[in-house]
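Engineer: Give me a 3D structure for the following:
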Amino acid sequence: MPLTNSPPQDPTSTMPLSNQSSLLYLWDQRTLFLGPLAELLELSQAAATLVIGLDHEFVLESAGELVECRSVLLPAGCRVRLQPGQNRLAVWYLDPFGADFGALRGRMARQEAGLLIELEQEAGWIEQHLDLLQEAATPAQAYALIEQLLGPADASAAPFKLDARIIRVVELIKRDVSNNLSARYLASQVDLSEPRLSQLFKDTLGVPIRRYRQWHRLFVTAVGVTRGLSLTTAALEAGFTDSAHFSRTFRSILGMTPSAMLSPRGKIRMHAG
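Structural biologist: So this is what the prediction gives:
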């Protein structure tokens, strides 16, 4: 489907971006942001990410090349600069284990500058995401959309398998997220050497252990905010040493300042599922 195709017009698209609300949905292994973003995003994610421009194309810079597109699938650890261009975006931070990325990569039309570009049936998915935003969809409705987008498992494909030792390490990190459990300690819990665990973890999830822990702490912080905690208190309870530590991590992983996504509180509706 040509990139120049335009989605059906949403009446809110004529409103200034600063006046429009955003939606943030938080689940244990996925996160969805829907809404306007005007600032440059510098992305180096701890999980694969699907970005869809809801109003028009956006520009990505990857490996020194500029790419203009309407949708892109970014592997975990991929470093890009994204200029939304006064655009409303759908940003799916996908499961960190790689199953979502594996399901979606075959649904992208082409590869350019190391990125997977143009989601199949793009215009239809844009319309469905616009519907979620306009209707302020429930978490169940939003989650149903990613399940629909991923589609049924390919019966002919080999089943997705994850090393049980990596599952165990992730469980330990999530269970004690406020502490910096050392790689040596984690390795001892799964009968691996520290170097072997570090390599296996990165090979499996695409990012180092420390990066995954930071990503999960952001999720825990955001969930705390949805439950009524102040941003500072939620960040401290999730293991950040102070507000500056939280802000630096937020920017380095999600590509934007916390204020761009989490403030002003009256213009973003957050849901933890």
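
Engineer: With only the CA atoms kept, save the helix or strand harbouring residue 81 in CSV.
Structural biologist: Here residue 81, judged by DSSP states H and E, is contained in strand 79-83. Output in CSV follows, covering the C-alpha atoms of strand 79-83 (Å, rounded to 0.1, in the frame of the first residue of the first chain):
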residue,chain,number,x,y,z
ARG,A,79,19.1,3.7,18.0
VAL,A,80,17.1,6.2,15.9
ARG,A,81,16.1,9.9,16.0
LEU,A,82,12.5,10.4,15.1
GLN,A,83,10.9,13.8,14.2
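
Engineer: Residues contacting that strand, please?
Structural biologist: 40-44, 51, 58-62, 74, 115, 255 (Cβ atoms under 8 Å, 6 or more residues apart in numbering). The C-beta positions use only the backbone N, C-alpha and C, and glycine is treated the same way.

Engineer: what about 10 Å?
Structural biologist: Residues from elsewhere that reach strand 79-83, judged by Cβ atoms under 10 Å, 6 or more residues apart in numbering: 37-45, 49, 51, 53, 58-63, 66-68, 72, 74, 89, 91, 113-115, 255-256.

Engineer: Please indicate which of the residues you listed are buried?
Structural biologist: Buried subset of the contacts of strand 79-83 (neighbour count, 16 or more other Cβ atoms under 10 Å): 37, 41, 43-45, 49, 51, 53, 58, 60-62, 67, 72, 74, 89, 91, 115, 255-256.

Engineer: From those, which land in strands?
Structural biologist: Here DSSP state E is the test, and the buried ones among the contacts of strand 79-83 give 37, 41, 43-44, 49, 51, 53, 58, 60-62, 67, 72, 74, 89, 91, 115 as lying in strands.

Engineer: could you point out which element follows the longest helix anywhere in the chain?
Structural biologist: For the chain, the longest helix by residue count, based on DSSP state H, is helix 209-226. Downstream of helix 209-226, the first helix or strand assigned by DSSP H and E is helix 231-237.

Engineer: Can you spell out which helices and strands pack onto that next one?
Structural biologist: helix 209-226, helix 243-254, helix 258-262 (3 or more Cβ pairs under 10 Å, 6 or more residues apart in numbering; DSSP states H and E).

Engineer: Of all those helices, which one is nearest residue 126?
Structural biologist: helix 258-262 (20.8 Å; Cβ to Cβ).

Engineer: what about residue 30, how many neighbours?
Structural biologist: Residue 30: 20 surrounding residues under other Cβ atoms under 10 Å.

Engineer: unless I'm mixing things up, it is touching residue 97, no?
Structural biologist: No. Contact criterion Cβ atoms under 10 Å: residue 30 and residue 97 do not qualify, at 11.0 Å.

Engineer: who touches both of the two?
Structural biologist: With Cβ under 10 Å, 6+ apart, residue 30 and residue 97 have common neighbours residue 47.

Engineer: Okay, now the unreliable bits of the stretch 151-273 of the chain?
Structural biologist: Residues of the stretch 151-273 of the chain meeting the criterion pLDDT under 70: 153-160, 255-256, 259-268, 273.
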